[in-house]
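1. coords below, sequence missing:
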């Protein structure tokens with residue numbers, strides 16, 4: 001069994017997958033969206049990855065505001081969650097993603113990755129942070 005982590009954005013969806021022991025998250029790709037309202041190809045790619053990696057659960061980043069309020073992005077994320085559940089039949093958990101993009105950017109800065117190149121990786125790494133946080137909490141509850 002594996003768990004998939006998703007960082008859902010207006011133009012991209014970062015994707016991470018857990019290892020089979022549910023201990024670590026690895027970023028696998030960034031799905032680029034042609035238009036914000038068009039999700040068919042995005043959902044189809046996610047389904048392909050679910051089959052390829054034998055995913056049984058999905059964790060989706062919830063983009064709350066820093067003051068814990070919910071804005072427009074949360075509403076769009078909840079719509080995406082519903083579509084994911086209907087299309088895949090898998091449970092979709094939500095994970096507070098505040099500061100994951102900042103943490104991903106900082107990790108790449110510390111690794112010496114140039115600013116221009118960081119944009120290419122930030123969503124995949126943010127998906128890793130979302131999934132790793134979920135996996136860590138899950139292992140602490142057992």
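-> Done, it's in. All values derive from a computational prediction rather than experimental measurement.
2. how far does the helix or strand containing residue 47 sit from the chain's center?
-> In this structure, residue 47 sits in helix 40-53 according to DSSP states H and E. Taking the mean of its C-alpha atoms, helix 40-53 sits 13 Å from the chain's own mean (C-alpha atoms, centre = their mean, to the nearest Å).
3. Next: stretch 6-24.
-> 4 Å.
4. What is the end-to-end distance of it?
-> Stretch 6-24 has an end-to-end distance of 15 Å (criterion: C-alpha to C-alpha, to the nearest Å).
5. And the average pLDDT for it is what?
-> On average, the pLDDT along stretch 6-24 is 94.
6. That one: which residues count as buried?
-> Of the residues in stretch 6-24, 6-9, 12-18, 22 count as buried by neighbour count, 16 or more other C-beta atoms under 10 Å. For every residue, glycine as well, the C-beta is placed using N, CA and C.
7. would you turn the residues you listed into CSV with distance to residue 133 and secondary structure?
-> Output for these, formatted as CSV (distance: C-beta to C-beta, whole Å; DSSP: H, G, I helix; E, B strand; the rest coil):
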residue, distance to residue 133, secondary structure
6, 13, strand
7, 12, strand
8, 16, strand
9, 18, coil
12, 20, strand
13, 18, strand
14, 14, strand
15, 16, strand
16, 11, strand
17, 15, strand
18, 12, strand
22, 13, coil
